[in-house]
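K.L.:
here are the coordinates; sequence isn't available:
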């Protein structure tokens, strides 16, 4: 029994770290798509910078990890169900998360790695332990509400920041406005997003591994912080995934966001980083993808003359809504095998997971990197807002044009009056 539990713990750790790896290559572009699109950074430089900052960010906080390991799962349920069964449930949940993560990556469906993880864990726990295994209050306050509020908040901040950026750089004398300078600012803001991604997303895997260690008694439930080796392993794995896998996705997203101007990119990245870092400090488990998408949409709306393509926005929203329940369904099916077949169910799940991972990876290698097979909702969010080639004039520009027209009319009237007077004098002289 002890040996079986130990083996399952090892499998959970390996699978959790693999999920961390997939999270890294899924979300690289959240930080680096816009600076590549605007030319602020070269692709290889951007990916390497994102990987390094993901590594550093994972060491900055453990609040989100505590939400996962001491929040969404009731510890009483762990004791009641038994360590071996609960470890198998965690394993099944990870299978659900990874399967959905890789499937959406292959098909180009809008997806959130974070919600795939939570969905897989929740679905597996409901099947293996029951309703009592989930702290729904914690799920609502730390996962669901932030998922609804954070993208909107980030979008509003990006909208305001874009408005301010364009207003303070606008010129009315046809001289260069200097907005290309925002391209250099993007190096700093995109680095903050990469740092924030490591701070929030790597911790979710730390929480899963810590939960497994607590279940088997290798870590006290009183100790909420993960062990240092757990922090390092998760930080290194997400950084490695960012560097190795990010190149494939970021090449596509860099093309998908070519309409983003430097001022917009600067505003969007600043908003994304601020929202994620603040949420990480409070222990909110956010989806970096959703926050980044909200910021891109908000910055697009901040430009004059923009309109929303509601069909594209609706497709992204549906993708967000589907991720958690879909991953939960896969996790629940994997958990059913565990409940029905015990240890054999774990073995079957492990084999199926390996087949699915290898199969999806090999399938992805058959396709070239295009917008159709590697697009995410961050890239699509750049197309939610339709922008005119020539934005309409501002109120000040309208006033200036009106004043010029009035001055021209007055000058013409004066010239006409002068010509009339001259003609009258000439006629009187004759």
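P.N.:
Done, it's in. Note that the coordinates shown come from a computational prediction; the quantities given were computed from them, not determined experimentally. Numbers count the residues shown, from 1 in each chain.

K.L.:
do you know the pLDDT at the residue nearest the centre of the chain?
P.N.:
Nearest to the mean C-alpha position of the chain, by CA atoms, centre = their mean, lies residue 289 at 1.4 Å. The per-residue pLDDT reported for residue 289 equals 76.

K.L.:
residue 219 - how many residues pack around it?
P.N.:
Residues near residue 219, counting by other CB atoms under 10 Å, number 20. (Each C-beta comes from the backbone N, C-alpha and C, glycine too.)

K.L.:
what does it show for phi and psi?
P.N.:
Main-chain torsions, residue 219, degrees, to the nearest 10: phi -150, psi 140.

K.L.:
show me what contacts it?
P.N.:
210, 213, 227 (CB atoms under 8 Å, 6 or more residues apart in numbering).

K.L.:
and residue 417, how many neighbours?
P.N.:
Neighbours around residue 417, by other CB under 10 Å: 10.

K.L.:
what does residue 56 give?
P.N.:
When neighbours are counted by other CB under 10 Å, residue 56 comes out with 15.

K.L.:
hmm, back to that, of the contacts of residue 219 - the most surrounded one?
P.N.:
Highest count within the contacts of residue 219 by other CB under 10 Å belongs to residue 210, 27 neighbours.

K.L.:
coming back round to it: surely the residue nearest to the centre of the chain touches residue 101?
P.N.:
No. Contact between residue 289 and residue 101 fails when scored by CB atoms under 8 Å: they sit 11.2 Å apart.

K.L.:
report pLDDT for residue 360.
P.N.:
For residue 360, the model assigns a pLDDT of 74.

K.L.:
which residues touch the helix or strand harbouring it?
P.N.:
Using DSSP states H and E, residue 360 sits in helix 343-365. Applying CB under 8 Å, 6+ apart, the external contacts of helix 343-365 come out as 4, 8, 11, 15, 18, 88, 91-92, 95, 98-99, 102-103, 105-106, 334, 337-339, 341, 373.

K.L.:
kindly recompute the last result at 6 Å.
P.N.:
88, 92, 95, 99, 102, 106, 334, 337, 338 (CB atoms under 6 Å, 6 or more residues apart in numbering).

K.L.:
again with stretch 228-246
P.N.:
The contact list for stretch 228-246, computed with CB under 6 Å, 6+ apart, reads 17, 20-21, 23-25, 28, 47, 50-51, 54-55, 58, 202, 205-206, 209.

K.L.:
in helices only, show me the residues you listed.
P.N.:
17, 20-21, 23-25, 28, 47, 50-51, 54-55, 202, 205-206, 209 (DSSP state H).

K.L.:
greatest separation within those: which pair is it?
P.N.:
47 and 209 (25.8 Å; CB to CB).

K.L.:
before we move on, back to that, any buried residues in the helix holding residue 360, and which?
P.N.:
Using 16 or more other CB atoms under 10 Å as the test for burial, helix 343-365 gives 345, 346, 349, 350, 353, 356, 357, 360, 364.

K.L.:
dump these to CSV, plus distance to residue 135.
P.N.:
Converted to CSV, the buried residues of helix 343-365 look like this (distance: CB to CB, whole Å):
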residue, distance to residue 135
345, 25
346, 25
349, 25
350, 28
353, 27
356, 30
357, 30
360, 32
364, 36
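
K.L.:
which single one of the residues you listed is nearest to residue 418?
P.N.:
Relative to residue 418, the closest of those is residue 364; by CB to CB it sits at 78.0 Å.
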